[in-house]
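[1] fold the following.
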Amino acid sequence: MEAISLALGPAATATVHVQQLPAAQRLDPVAWTCEAVGTMTMLFLGFSSVALVNAHQSPLRHQLPSASLRYALIGAGFGLAVAAVVVSPLGRRSGAHLNTAVTLALWLRGETRGGDALGYVAAQCVGATVAAGAFAGAWGAWASDVHGGRTRPAHGVTPLAATGIELLLTFGLVLAILLIAGSPRMRQWAPVAIAVVVALLIWAGAATTGASFNPARTLGPAFVRGDFTAIWVYVVGPLAGSVLATTAYTRGVTAAVGRAAAAGRGPV
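    Here you go, the predicted structure:
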């Protein structure tokens, strides 16, 4: 059975490791554990950036009256947190999916086995829930002021519209990750490039949906707060966006390979 995992080296260099695994080694609980801890770390840091910038108790919020600027800083906080986990030993061991939509894309691409994909999803949900609980405990009233990190559609944004926005945000993220991972020239810049993409997407979508584009990221705070309002938006939208992005990427690669093969054959 062939297994493919994307691991990011200590110098922020992405390499693809391909190895033949016997049946007894098809599941990797150690990677799941690393994924859970990595997701927890990434989200705790990201939630903390939300409280630091957007909580009404924060002096920084009053110094930054522009909501757009605050969203940009929150995006930068999440982006840096993602990059830190990706290049860490945890990320290198697990592949640093950190996002249920990303795991779905890798499963659809055949780069993550079904059993492992379920383990990754469970790990992400556990990590997100622990992160939300730790955030509530560490930040207290500041965390409560930002709803414990829980994303929800903004006033005036219907659930259907929010689903569409989450779909588009996730489509952009997953397609960017697949393009970066599939480019030998871009792989060495993967942590930086993905961090920039995450930051830009959060800046673009925070005002309307909270810019989750990650079911686990919303489910964790929902479990801790017992608030499941419009939760389906943050499951259906990202998963649909992941499927569409993976389909678009796969068709694009297939077409590119076909053109290259035709060019190699030359005129008939």
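[2] which stretches of this protein form helices?
    All helices of the chain, identified by DSSP state H, fall at 29-54, 59-63, 67-87, 89-94, 100-108, 114-139, 141-145, 159-181, 190-205, 215-225, 233-265.
[3] just the buried positions in the longest one, please.
    Of the residues in helix 233-265, those buried by neighbour count under the rule 16 or more other C-beta atoms under 10 Å are 233-235, 237-246, 249. (C-beta placed from N, C-alpha, C; glycine too.)
[4] can you lay out these as JSON lines showing distance to G119 and pLDDT?
    Output for the buried residues of helix 233-265, formatted as JSON lines (distance: C-beta to C-beta, whole Å; pLDDT from 0 to 100):
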{"residue": "V233", "distance to G119": "25", "pLDDT": "98"}
{"residue": "Y234", "distance to G119": "21", "pLDDT": "98"}
{"residue": "V235", "distance to G119": "19", "pLDDT": "98"}
{"residue": "G237", "distance to G119": "24", "pLDDT": "98"}
{"residue": "P238", "distance to G119": "19", "pLDDT": "98"}
{"residue": "L239", "distance to G119": "17", "pLDDT": "98"}
{"residue": "A240", "distance to G119": "23", "pLDDT": "98"}
{"residue": "G241", "distance to G119": "22", "pLDDT": "98"}
{"residue": "S242", "distance to G119": "18", "pLDDT": "98"}
{"residue": "V243", "distance to G119": "20", "pLDDT": "98"}
{"residue": "L244", "distance to G119": "25", "pLDDT": "98"}
{"residue": "A245", "distance to G119": "22", "pLDDT": "97"}
{"residue": "T246", "distance to G119": "20", "pLDDT": "97"}
{"residue": "Y249", "distance to G119": "24", "pLDDT": "96"}
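[5] between these, which is nearest L178?
    Within those, proximity to L178 (C-beta to C-beta) peaks at Y249, which comes in at 4.4 Å.
[6] surely that closest one touches L178?
    Yes - here Y249 reaches L178: they are 4.4 Å apart, a contact under C-beta atoms under 8 Å.
[7] that older thread, got CSV for the buried residues of helix 233-265, with distance to S58 too?
    Compiled in CSV, these are given as follows (distance: C-beta to C-beta, whole Å):
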residue, distance to S58
V233, 27
Y234, 25
V235, 30
G237, 29
P238, 28
L239, 33
A240, 35
G241, 31
S242, 33
V243, 38
L244, 37
A245, 35
T246, 39
Y249, 39
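[8] ok so, going back, and the helices of the chain, which one's lowest on average pLDDT?
    Within the helices of the chain, the stretch with the lowest mean pLDDT is helix 233-265, showing a mean of 87.
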